[in-house]
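Enquirer: Give the three-dimensional model of this entry:
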Amino acid sequence: MTDEVEERIVFLDTEVFDRLHHQYQHPNLRRLVSLVQNQRIKVISTSVTNQEIHEHITTWFLLAIKALTRTVQSHPILRNFRRLGLYDAISDDTRQQMEKDLQENFMRFKVDADVEVLSIEDVNPEKTFEAYFKKAPPFGEGKKKSEFPDAFAAAALKKWCEDKGKPIYVVSNDSDWKAICEASDRMAYFPDLVSFLEVFPDERTVLAIKQGIEKQCDVLTEQISTAFYDLSFLVDSVEGEVDEVFDVEVQVESIHITEAAAGKAIVEVSTSSDFQASAWYMVPGTGTWDSEDKVLFNQKNETGVVSATETRPVRVFLTYDESDPSKIEIKHIDIDYSEPVWVDVYDMEL
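Expert: Residues are numbered from 1 along each chain as shown. Next comes the predicted model:
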């Protein structure tokens, strides 16, 4: 005899994908797809949300290309590294192909996750405009016209709930979506994907593993601190360099168990790391402009120490005793080394 597990219905707001930088191979999205394939969850979206995600991919990509173009054009020394493909990346043909690849990544995710896209054709526009004039969620004070896509998406989800007689889990860090869910008895709100994924492991096991992690918090923060020094530290907004990072203190903000089975668990830990960094930077507005070579020289530079805080998630892989899940052993941690730590030197102590 097998236990039937109720399939949970989940809606992912555009903000979820923006926060993950549209990296559809992110571990949490892969976990989501796995749960879909095991018939634990069903993902639904709306036609307007679908269009919004495609538009955001284009917007964020073009902003990145513009930033890259400015960097390449304003730093001729990069001509020495043409083999890296920087100039190819800003060419029209390559740019169009890159954007096409990003859009196809999202479409492939929808296929892998078997996403059902709800039409908004049957949404009553009068009710949406009524919510707008009454300042009801998602509009609120100021009657934000930019919230019309979410308003139509929410109306489509509510209609689906009524037709199917089922609840929907809404994942979004948008306070307007939170207000929509609080006003509905069929929509449950989750602020991020990792907290939604935590619903699936056995609750007693989750609680015991958390207790085990809390007991070994010093061991965990020491491992995270060691890994933190290996991150890339870059000066934000101006030309400069971080020379050294020191006095790192890691605090664990929250713990989410995303997988726990057969004595193995994957945990996502939100961390906040205070640190100090010695750095230097070129002071904007100083120096002499060489119009022939199009470079600045003799710029004034400042050197000093910056105190800063970096927040980022850390994935923890551990084993636990199935008879007593609070007995854990941390095997290794995974921190995203592809994302640099940006250091604001304007807060520097000279």
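Enquirer: show me the contacts for Glu162.
Expert: Contact analysis of Glu162 by Cβ atoms under 8 Å, 6 or more residues apart in numbering lists Arg186. From N, CA and C alone the C-beta is placed, and that goes for glycine too.
Enquirer: which intervals of this structure have sub-threshold pLDDT?
Expert: By pLDDT under 70, the low-scoring segments of the chain are 1-6, 78-90, 123-148, 350.
Enquirer: Distance-wise, check the residue in it sticking out farthest from the centre relative to His75.
Expert: Within the chain, the residue lying farthest from the chain centre (Cα atoms, centre = their mean) is Glu292, at 43.1 Å. Glu292 sits 16 Å away from His75, going by Cβ to Cβ, to the nearest Å.
Enquirer: mind listing the helices for this protein?
Expert: 14-19, 27-37, 47-74, 86-89, 92-112, 125-133, 148-164, 175-182, 193-197, 203-215, 217-228 (DSSP state H).
Enquirer: got a list of contacts for the first one?
Expert: Identification of contacts with helix 14-19 by Cβ under 8 Å, 6+ apart yields Thr49, Glu52, Ile53, His56, Trp60, Phe106, Val171, Ser172, Asn173, Asp174, Asp192, Leu193.
Enquirer: repeat that with 7 Å
Expert: Thr49, Glu52, Ile53, His56, Val171, Ser172, Asn173, Asp174, Leu193 (Cβ atoms under 7 Å, 6 or more residues apart in numbering).
Enquirer: Would you mark the buried spots in it?
Expert: Buried residues in helix 14-19, defined by neighbour count with 16 or more other Cβ atoms under 10 Å: Thr14, Glu15, Val16, Phe17, Asp18.
Enquirer: Now do it: distance to the chain's middle.
Expert: 7 Å (Cα atoms, centre = their mean, to the nearest Å).
Enquirer: got it, and the second one?
Expert: Relative to its parent chain, helix 27-37 has a centroid offset of 16 Å by Cα atoms, centre = their mean.
Enquirer: and for it, what are the contacting residues?
Expert: 20, 41-43, 109, 112-114, 193-194, 197, 200, 258-259, 315.
Enquirer: quick one: that helix to helix 92-112, angle?
Expert: Angle of helix 27-37 versus helix 92-112, following axes from the mean of the first three to the mean of the last three Cα atoms, to 10 degrees, is 40 degrees.
Enquirer: Relative to Ser225, which of the contacts of helix 27-37 is nearest.
Expert: Set against Ser225, the nearest of the contacts of helix 27-37 by Cβ to Cβ is Arg315 (16.0 Å).
Enquirer: Tell me, how many residues neighbour the residue nearest to the closest one when sequence neighbours are not counted?
Expert: Closest residue in space to Arg315, ignoring its immediate chain neighbours: Asp334 at 4.1 Å, by Cβ to Cβ, 6 or more residues apart in numbering. Asp334 has 14 neighbours, counted by other Cβ atoms under 10 Å.
Enquirer: Look up how far Val194 lies from Asp334.
Expert: Note on Asp334: its distance to Val194, by Cβ to Cβ, is 14 Å.
Enquirer: for Thr286, same thing?
Expert: 45 Å.
Enquirer: Looking at those two now, which is surrounded by more residues?
Expert: Between Thr286 and Val194, Val194 has the larger neighbour count (other Cβ under 10 Å), namely 22 against 12.
Enquirer: and Tyr337, backbone torsions?
Expert: Recorded main-chain torsions at Tyr337 are phi -80, psi -10, according to degrees, to the nearest 10.
Enquirer: Isn't it up against Leu231?
Expert: Yes. At 6.3 Å, Tyr337 and Leu231 qualify as touching, with contact defined as Cβ atoms under 7 Å.
Enquirer: neighbour count winner among those two?
Expert: Higher neighbour count among Tyr337 and Leu231: Leu231, with 19 against 10, using other Cβ under 10 Å.
Enquirer: Can you name the residues that contact that one?
Expert: Tyr337, Val341.
Enquirer: which phi and psi does it have?
Expert: phi -70, psi 160.
Enquirer: which among the contacts of helix 27-37 gets closest to Tyr346?
Expert: Closest to Tyr346, out of all of the contacts of helix 27-37 and judged by Cβ to Cβ, is Leu20, at 29.0 Å.
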